[in-house]
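[1] pasting the sequence and the predicted coordinates here, then a few questions.
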Amino acid sequence: MSLAPEQPAAQMPKPPGSVGRAIITPEELRARVEAIGAEITADYQGRPPLLVGVLKGAFVFMSDLARAIDLPVEIDFMAVSSYGLSTESSGVVRIIKDLDTDVRDRHVVLVEDIVDSGLTTDYLAELLKARRPASFEMCALLVREDARTEGIRYVGFSVPADWLVGYGLDVGERYRELPSVHLFDRDDA
Ligand code: PRP
C-alpha cells in the first residue's frame, strides 16, 4: 500500500510538502497503546471510565485505546477549535461539538492525540471538571518536548516540535489514516 496515495488535485488538494520518515512505527504504537490500556485497566477497577476523545485527531488513538482497556468503557467525543495561530496560542478555545453524555459522577478520561501548547487540554480540563465528574484524568498519545504536561496522567511519547502526520494527525486534513507517525517535510521549511 502506498503511504500517501495520490488523489485528483481537484478533489483533494495536496498540502505543500511531503510525508517524511516514520518516527513512531505501528509496532511501537501498538505496544505503547497496549501498555497505557493495561495501566488504565488496573487504575479503573470497579469504576468503568468514560473516554472523551477530542476530534478529529484522537479518533485513531481512541479506537485502539478503547480496545486495549479490559473493562467496560463508554466513549464520547468533543470537537473544539482554537482561535489564532497555532504557534502563538491566543488562549481562546471554542466548542464546536459538546458531549452527548452527562459527565457528572462519571470517571472521565480525556483522550488527545497530541498536546502542543497545552491550551486545549487546559481549557477542556477546566470545563469538564466544572461539570463535577467523580474523577478526571487526561491521556495523550503524543506530547511536545516543551509542552506543559503536569496534569496529564497517561502519556504515550514525547515528540519534537516538527510537523507530524499519521495515526490521526493531519496536515490540511490529509494523512490521518497513515499507520505510523511521520515527520511532514514542508516545502517552505
Ligand atoms: C490538535 C490536537 C489537539 C490540539 C493540541 O488539534 O488534536 O486537540 O491541536 O494543540 P494545543 O495543545 O496547542 O491546544 P487540531 O486543532 O489540529 O485539530 P484536529 O484534531 O481536528 O486535527
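    Everything's here; your move.
[2] any idea how far the ligand is from Arg47?
    26 Å (CB to the nearest ligand atom, to the nearest Å). Using the backbone N, CA and C atoms, a C-beta is placed for each residue, glycine as well.
[3] shouldn't that residue be in contact with Ser135?
    Yes. Judged on CB atoms under 8 Å, Arg47 makes contact with Ser135 at a distance of 7.4 Å.
[4] wait, doesn't Val33 sit right on Met62?
    No. Look at Val33 against Met62 with CB under 8 Å: they stay out of range, at 10.1 Å.
[5] ok so, going back, shared neighbours, Arg47 and Ser135?
    His107 (CB atoms under 8 Å, 6 or more residues apart in numbering).
[6] so which of the two has more stuff around it?
    Per other CB atoms under 10 Å, whichever of Arg47 and Ser135 has more neighbours is Ser135, with 14 against 11.
[7] how about the more buried one, what does it touch?
    Here Ser135 is in contact with Arg47, His107, Val108 (CB under 8 Å, 6+ apart).
[8] which element is the residue positioned nearest the centre of the chain on?
    Relative to the mean C-alpha position of the chain, the nearest C-alpha, by CA atoms, centre = their mean, is the one of Asp113, at 1.5 Å. Here Asp113 sits within strand 107-115, counting by DSSP states H and E.
[9] number of nearby residues for Glu39?
    15.
[10] pop out the phi and psi values for it.
    phi -60, psi -40 (degrees, to the nearest 10).
[11] so who does the closest residue to it other than its chain neighbours touch?
    Distances taken as CB to CB, 6 or more residues apart in numbering put Tyr154 closest to Glu39, at 6.4 Å, once the chain neighbours are dropped. Tyr154 sits next to Ile36, Glu39, Ile40, Val109, Glu137, Met138, Cys139, Ala140 when contact means CB under 8 Å, 6+ apart.
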